[in-house]
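1. here is the input, now give the coordinates:
(one chain, ligands or ions: 1)
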Amino acid sequence: MEYEIKTIGVLTSGGDSPGMNAAVRAVTRAAIANGIKVKAIFRGYKGLMDDEVQEFTTQDVSGIIQRGGTILKSARSEEFKTQEGRKRAWQTLKKEKIDALIVIGGDGTFTGARLFAQEYNIPIIGIPGTIDNDLWGTDSTIGYDTALNTIMDCVDKLRDTGTSHERLFLVEIMGRDAGFLTLNAAIAAGAEAAIIPERATVAEQLEDAIGQGRRKHKNSSIVLVQEHAIEGGAQAVAKVIEKEHPEYGTRVTILGHLQRGGSPTAFDRILASRLGVAAIQALLEEQRSVMVGLQNGQVVYVPLSKAIKQKKDIKDDKWQALQVLSI
Ligand code: ATP
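-> This is a model prediction of the structure:
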């Protein structure tokens, strides 16, 4: 080994996602099981710069596997995007004698990790924790499955009232520039359509959705709108519909941060536990600047550069399924 890793730091960063706690627990326990000391870093890169660090024992991660959010807190930090900010972060690592870092977050977190690792020659392993599922090289990110189930439950409830009042519900779904959550939630909830950034123009998608609803003489329709598929999100789509199809009683529901909360599903807990253990294994195998992910049920190491740069495809069969099943 180039040099021995005696102490690791672990942090959660960017948007929180259900299952991050399960990952922190797994990292902590797997490290300690391998004789490595664990220092928890609070508030992501901000806490790393500000030296918000505490040594963790196995007991510190007791009773958290079922909890949503992150006990380490999360934060966004503009300062870490600067060289001065990252220098401060490096000074904390030196002071705390942290030899390697495990970062749990999304593509922004990994972008920062990659730069930091390059500049200061630090072993860093990324664990994908985001509800967006927009990282390349892993079939699922931690929190995605829980968010999907939360959205499905909310849409099921909306359908009850939508049917009673014969309305068109537009439901705005999170996802930055990725439509995975929206498309999969639409299939799971039996929605009439999904409007996502990866497909056609919004006007075309909308015409399809409305056209289908009319053809079927449905007395209620649910359309899931990815927040950034169109500027202004679901509200903007509602304005178009109200103008062109005033016959519809259109209602907008923005699920917002509801989508991030809640106790993680079994799938997310198992994924987080496997990836947490795999992250420590990756360090022991002298991996650097990789994300641990899951492909076809197997743990894989993916260079951070690929995880953040390559775009994951929306599966055509899923898109087709949604179209076919909403006739
Ligand atoms: P999610 O997609 O779930 O919100 P994320 O990890 O993509 O998660 P971001 O807010 O994009 O969330 O990134 C988290 C943090 O990573 C930022 O607040 C910043 O400190 C750091 N970061 C993001 N981009 C960069 C960059 N280009 N250079 C350095 N650090 C960055």
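2. need the contact list for residue 199.
-> By CB atoms under 8 Å, 6 or more residues apart in numbering, the contact set of residue 199 is 179, 205, 314, 319. For the C-beta atoms, the positions are set from N, CA and C on the backbone; glycine is no exception.
3. repeat that for 10 Å
-> Contacts here follow CB atoms under 10 Å, 6 or more residues apart in numbering; on that basis residue 199 touches 179, 183, 205, 208, 226, 229, 314, 319.
4. does the fourth one touch residue 200 like I think?
-> This means residue 208. Yes: contact criterion CB atoms under 10 Å: residue 208 and residue 200 qualify, at 8.1 Å.
5. these two - which one has more neighbours?
-> Taking other CB atoms under 10 Å, residue 208 and residue 200 do not tie; residue 208 has more neighbours (17 against 12).
6. tell me the contacts of that one?
-> Contacts for residue 208 (CB under 10 Å, 6+ apart) come out as 192-193, 195, 199-200, 323, 326.
7. can we see that at 7 Å?
-> residue 193 (CB atoms under 7 Å, 6 or more residues apart in numbering).
8. what's the separation between it and residue 245?
-> 13 Å (CB to CB, to the nearest Å).
9. okay, and residue 85 sits in which element?
-> Assigned by DSSP states H and E, residue 85 belongs to helix 83-96.
10. so is that helix next to the ligand?
-> No: using CB under 6 Å from any ligand atom, helix 83-96 never reaches the ligand; the gap is at least 7.3 Å.
11. and after that helix, which helix or strand comes next?
-> Helix 83-96 is succeeded, C-terminally, by strand 100-105 (DSSP H and E).
12. packing partners for the helix holding residue 85?
-> Using 3 or more CB pairs under 7 Å, 6 or more residues apart in numbering; DSSP states H and E, the elements in contact with helix 83-96 are helix 44-49, helix 107-120.
13. and the angle from the longest one to helix 83-96?
-> Following axes from the mean of the first three to the mean of the last three CA atoms, to 10 degrees, one obtains 70 degrees for the angle between helix 107-120 and helix 83-96.
14. buried residues in helix 107-120?
-> By 16 or more other CB atoms under 10 Å, the buried positions in helix 107-120 come out as 107-114, 116-117.
15. what's the answer for stretch 221-234, then?
-> Neighbour counts over stretch 221-234 (16+ other CB under 10 Å) mark 221-230, 233-234 as buried.
16. what's the span of it, first residue to last?
-> End-to-end span of stretch 221-234 (CA to CA, to the nearest Å): 14 Å.
17. residues making contact with that stretch?
-> 155, 158-159, 162, 168-177, 179, 182, 185-186, 189, 191-197, 202, 209, 213, 236-237, 252, 254.
18. cool, and stretch 21-40?
-> If you take CB under 7 Å, 6+ apart as the criterion, stretch 21-40 is touched by 5-10, 12, 53-56, 58, 60-61, 64-65, 67, 70-72, 96, 98, 102, 104, 127, 129, 142, 264, 269, 272-273, 275-277, 279-280, 284.
19. so among these, which ones count as buried?
-> Buried by 16+ other CB under 10 Å: 5, 7-10, 12, 53, 56, 61, 64-65, 67, 70-72, 96, 98, 102, 104, 127, 129, 142, 264, 269, 272-273, 275-277, 279-280, out of the contacts of stretch 21-40.
20. just the CA atoms of stretch 72-89, as PDB, please.
-> The C-alpha trace of stretch 72-89 is given here as PDB (Å, rounded to 0.1, in the frame of the first residue of the first chain):
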ATOM      1  CA  LEU A  72     -24.300  14.200   9.600                       C
ATOM      2  CA  LYS A  73     -26.500  17.000   8.200                       C
ATOM      3  CA  SER A  74     -25.900  18.200   4.700                       C
ATOM      4  CA  ALA A  75     -25.000  21.600   3.300                       C
ATOM      5  CA  ARG A  76     -24.200  23.200   0.000                       C
ATOM      6  CA  SER A  77     -21.000  25.300  -0.100                       C
ATOM      7  CA  GLU A  78     -19.900  27.800  -2.700                       C
ATOM      8  CA  GLU A  79     -16.600  28.300  -0.900                       C
ATOM      9  CA  PHE A  80     -15.600  24.700  -1.500                       C
ATOM     10  CA  LYS A  81     -15.700  25.500  -5.200                       C
ATOM     11  CA  THR A  82     -12.800  27.900  -4.700                       C
ATOM     12  CA  GLN A  83      -9.100  26.900  -4.300                       C
ATOM     13  CA  GLU A  84      -9.000  28.800  -1.000                       C
ATOM     14  CA  GLY A  85     -12.000  26.800   0.300                       C
ATOM     15  CA  ARG A  86     -10.400  23.500  -0.600                       C
ATOM     16  CA  LYS A  87      -7.200  24.600   1.000                       C
ATOM     17  CA  ARG A  88      -9.100  25.100   4.200                       C
ATOM     18  CA  ALA A  89     -10.600  21.700   3.800                       C
END
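21. thanks again, I'm all set now.
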